[in-house]
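K.L.:
need the 3D shape of this:
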Amino acid sequence: MQSSSQSYRRRSLASATVLTLLCLSLPLQADARSRSRSVERTNAQGQQASREMAVEAEAGSRSASRSRNGAYGGSSSTSSEVDLATGSASRESSSVGPLGRSRSRSSATSFGDGSYTRSSSATGTNGGTASREVSGSYDPETGTATRTSTATGPNGQSYSTTTSSSHGNGSYERSSTTTGPDGGSVETSASVSVQP
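P.N.:
Numbers count the residues shown, from 1 in each chain. Below is the predicted model:
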């Protein structure tokens, strides 16, 4: 369970990174733009595969969708939206393998005034669902950031982590506490200073 939770944390971090890059890549122009693409292929056995993509963007917002149908029966779809005016973002994805096994993921994020919250969940091929709640904030004046996350596995066991970090004047400090489902906790801390 611990390795599964760690894997889910890594995937959530990757999703958060993609979301951040998506926000940074939003177009600055006021005019709306859209583009789409559709590709179909047929192999030597007559089996068909297809891909479709559509993106719509305007100042401060972007939505995208992608879908794929494999030649051997597998399919997947993904959709995402970002709106800077409302400070919200969402992403949905699902896939079905050639043998009919399905999995899905979803996340919703709200952000603004130096803080954010994100809820995400993932359902595996066996029907088990893992979820995660994350909230954080950053104060540029004090250089302090805080982050709290709670991950719950398919068996209902939860792990929570609280992290606080600060930097300034050539120093950096970070401390975190992780609490497992049995109530036991692990604390870590680090500090770095640079002398000019």
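K.L.:
from here on, contacts and neighbour counts on C-alpha atoms
P.N.:
Noted.
K.L.:
which residues in the protein form strands?
P.N.:
Listed in chain order, the strands of the chain (DSSP state E) span residues 33-42, 48-58, 61-69, 75-83, 88-96, 102-112, 115-123, 129-139, 144-152, 158-168, 171-179, 185-193.
K.L.:
got the CA coordinates for the third one in PDB?
P.N.:
Extracted C-alpha coordinates of strand 61-69, given in PDB (Å, rounded to 0.1, in the frame of the first residue of the first chain):
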ATOM      1  CA  SER A  61      -8.800  30.600 -20.500                       C
ATOM      2  CA  ARG A  62      -8.100  27.400 -22.300                       C
ATOM      3  CA  SER A  63      -9.900  24.100 -22.900                       C
ATOM      4  CA  ALA A  64      -8.700  21.000 -24.600                       C
ATOM      5  CA  SER A  65      -9.900  17.500 -25.400                       C
ATOM      6  CA  ARG A  66      -8.200  14.400 -26.800                       C
ATOM      7  CA  SER A  67      -9.400  11.000 -27.700                       C
ATOM      8  CA  ARG A  68      -7.900   7.800 -29.100                       C
ATOM      9  CA  ASN A  69      -9.300   4.500 -30.400                       C
END
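K.L.:
now do residue 187, the pLDDT please.
P.N.:
Confidence per residue is given as pLDDT, and for residue 187 that number is 95.
K.L.:
likewise for residue 7?
P.N.:
Value for residue 7, per-residue pLDDT: 47.
K.L.:
likewise for residue 107?
P.N.:
In the predicted model, residue 107 carries a pLDDT score of 97.
K.L.:
equivalent analysis for residue 99, please.
P.N.:
According to the prediction, residue 99 has pLDDT 88.
K.L.:
quick one: contacts for it?
P.N.:
Contact analysis of residue 99 by C-alpha atoms under 8 Å, 6 or more residues apart in numbering lists 73, 74.
K.L.:
ok, what's across the strand from residue 160?
P.N.:
With beta bridges defined as DSSP bridges, residue 160 has these partners: residue 150, residue 179.
K.L.:
quick one: it and residue 149 touch, right?
P.N.:
Yes - distance between residue 160 and residue 149: 5.5 Å, which falls inside the contact criterion (C-alpha atoms under 8 Å).
K.L.:
could you redo the strands of the chain as JSON lines and give each row mean neighbour count?
P.N.:
What follows is the strands of the chain, written out as JSON lines (neighbours: other C-alpha atoms under 10 Å):
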{"stretch": "strand 33-42", "mean neighbour count": "11"}
{"stretch": "strand 48-58", "mean neighbour count": "17"}
{"stretch": "strand 61-69", "mean neighbour count": "19"}
{"stretch": "strand 75-83", "mean neighbour count": "20"}
{"stretch": "strand 88-96", "mean neighbour count": "19"}
{"stretch": "strand 102-112", "mean neighbour count": "18"}
{"stretch": "strand 115-123", "mean neighbour count": "18"}
{"stretch": "strand 129-139", "mean neighbour count": "18"}
{"stretch": "strand 144-152", "mean neighbour count": "18"}
{"stretch": "strand 158-168", "mean neighbour count": "18"}
{"stretch": "strand 171-179", "mean neighbour count": "16"}
{"stretch": "strand 185-193", "mean neighbour count": "11"}
